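Q: here is my input; please provide its structure:
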Amino acid sequence: MSYLIVKCPHCGDVRAVHSNVKSFQCFTCGRRVKLAPHLILYRTGDRDSLPLLVMKFKEISLKKRG
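A: Residues are numbered from 1 along each chain as shown. Coordinates of the predicted model:
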C-alpha cells in the first residue's frame, strides 16, 4: 500500500491519505478536497514513517507562512 502526504488548499494543513483515494477531508477546516497532483507533497510506502513525515511537512509549511 502506498500513502501520500497532502496539503489542504484552503487552510494549508498537512495530512496523510491512502494513495488510492480520489478526495479527502481536511481535519482542520472540515472541507472535502478533490485530490490533485499539485496537492501531493510526498509519496511513501512506509506506513510507520507517516506521523514523522506529516510533522516535518507541517513544520515546513509553517516556516513558509511565517
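Q: show the residue spans covered by the strands in the protein.
A: 3-7, 14-18, 23-25, 32-34, 40-44 (DSSP state E).
Q: hmm, Leu39 and Pro9 touching each other?
A: Yes - Pro9 lies in contact with Leu39 (CB atoms under 8 Å); the separation is 6.2 Å. All C-beta atoms are positioned from the backbone trio N, CA, C, and that covers glycine.
Q: out of the two, which sits in the busier spot?
A: More neighbours surround Leu39 than the other of Pro9 and Leu39, with 16 against 13 (other CB atoms under 10 Å).
Q: OK, contacts around that one?
A: For Leu39, the residues meeting the contact criterion (CB atoms under 8 Å, 6 or more residues apart in numbering) are Val6, Lys7, Cys8, Pro9, Val33.
Q: now rank those by neighbours and give me the top one.
A: Going by other CB under 10 Å, Val6 tops the contacts of Leu39 with 24 neighbours.
Q: quick one, what contacts that residue?
A: Val14, Arg15, Ala16, Val17, Phe24, Val33, Leu35, Leu39, Ile40, Leu41.
Q: mark which of those are buried, thanks.
A: For the contacts of Val6, a burial check counting by 16 or more other CB atoms under 10 Å picks out Val14, Arg15, Ala16, Val17, Phe24, Val33, Leu39, Leu41.
Q: is the last one in contact with Val14, as I believe?
A: Yes - using CB under 8 Å, Leu41 makes contact with Val14 at a distance of 6.8 Å.
Q: now for these two: what residues contact both?
A: Going by CB under 8 Å, 6+ apart, residues that sit against Leu41 and also against Val14 are Ile5, Val6, Lys7, Phe57.
Q: possible to save those as TSV with distance to Pro51 and pLDDT?
A: Formatted as TSV, these follow (distance: CB to CB, whole Å; pLDDT from 0 to 100):
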residue	distance to Pro51	pLDDT
Ile5	11	98
Val6	15	98
Lys7	16	96
Phe57	11	94
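Q: farthest pair within those residues?
A: Using CB to CB, the shared contacts of Leu41 and Val14 span at most 9.3 Å, a distance reached by Val6 and Phe57.
Q: give me the common contacts of the two.
A: By CB under 8 Å, 6+ apart, the residues touching both Val6 and Phe57 are Val14, Leu41.
Q: appreciated, that's everything.
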